[in-house]
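A.B. asks: got a predicted structure plus its sequence, pasted below:
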Amino acid sequence: MATYKKRGYKPNTKEEQQTAVEEQSTTAEVFNTLDEGAGKTEEWVARNQKYIFIIIGVAAAVILGYLAYEEFIQEPKEAEAANEMFVAQQYFETALNSSGAQSDSLYNLALTGAQGKFGFEDIIENYGGTKAGNLSRYYAGMAYLNTNQYQQAIDHLDDFKSDDQILAPLAKGAIGDAFLQLEQPEEALDYYEEAAQMRENNFTTPRFLMKAAVTAIKLGNGAAAEKYLTRIQKEYPDSAEANKVSVYLGQAQAMQ
């Protein structure tokens with residue numbers, strides 16, 4: 001059992017003296033072991049310091065290189081790409097408010113460019129790794145969809161990546177629209193379902209639930225159509241699509 005010893009206490013008996021000697025010996029062994037461990041570590045560092053400095057240098061170079069790339073290359077490139085995209089966006093937005101041949105012509109200008117300015121395809125090719133390049137894939141996909149070039153629309157929209165609450169499901173649903181135009185309703189239904197589930201909001205969710213319901217009716221799947229329509233009715237009663245539920249719900253129920 002350990003006993004408390006006052007500071008300055010001196011052992012009197014032989015047993016106490018022997019114990020004190022053993023404790024000192026043990027303490028010395030511990031410090032010797034620590035010294036040996038520290039010595040080995042120092043030796044290892046001394047032997048391998050060349051490689052350690054190389055590793056540290058490489059890590060520092062990677063970090064500094066990344067920071068320099070972001071500041072001196074990527075950021076200016078982002079600004080340049082956004083500036084190039086401005087004219088193409090104007091063509092696209094004007095096309096949305098036009099119709100017929102004029103609309104098609106404007107979409108094509110948005111895609112290919114004009115007056116020495118890049119179109120969306122040029123921006124994708126030259127600035128593909130930028131945010132503007134990614135957004136151009138969305139615009140290009142929609143332009144192709146509106147000019148009846150459905151496979152090109154699918155290709156571009158499938159490459160578009162976004163976490164945006166509206167754009168992400170719109171792109172996914174537009175792929176469904178393209179497949180429907182290509183007379184592939186099964187694929188269209190898959191994309192409508194995915195678009196409806198991607199983000200929960202009062203705009204895109206009921207929109208693609210309705211498209212999924214109509215497509216399910218076209219495929220003869222009344223039960224699935226009823227499920228989509230009922231969800232619109234219960235969860236999105238104030239949406240524009242809710243006003244159409246009764247029209248399609250009767251069809252869906254009659255098929256079962």
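C.D. replies: Nice, thanks for sending it over.

A.B. asks: look up how far Ala88 lies from Ala101.
C.D. replies: According to Cβ to Cβ, to the nearest Å, Ala101 and Ala88 sit 20 Å apart. (C-beta placed from N, C-alpha, C; glycine too.)

A.B. asks: could you pull out the strands in the chain for me?
C.D. replies: With DSSP state E, the ranges of strands along the chain come out as 113-114, 117-118.

A.B. asks: one step back: Ala101 and Ala88: who's more crowded?
C.D. replies: Each of Ala101 and Ala88 has its neighbours counted (other Cβ atoms under 10 Å); Ala88 has more, 27 against 8.

A.B. asks: give me every residue that touches that one.
C.D. replies: Ala88 sits next to Leu109, Ala110, Leu111, Gly113, Lys117, Phe118, Gly119, Phe120, Ile123, Ser136, Tyr139 when contact means Cβ atoms under 8 Å, 6 or more residues apart in numbering.

A.B. asks: pick the most deeply packed of the strands of the chain.
C.D. replies: Most buried of the strands of the chain by mean neighbour count (mean count of other Cβ atoms under 10 Å) is strand 117-118; its value is a mean of 20.

A.B. asks: ok, Asn126 touching Phe118?
C.D. replies: Yes - at 7.1 Å, Asn126 counts as touching Phe118 under the criterion of Cβ atoms under 8 Å.

A.B. asks: find residues that contact each of these two.
C.D. replies: Glu84.

A.B. asks: quick revisit: pipe the strands of the chain into a markdown table and attach distance to Lys172 and mean pLDDT per row.
C.D. replies: Shown next, in a markdown table, are these (distance: least, Cβ to Cβ, whole Å; pLDDT from 0 to 100):
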| stretch | distance to Lys172 | mean pLDDT |
| --- | --- | --- |
| strand 113-114 | 27 | 90 |
| strand 117-118 | 26 | 90 |
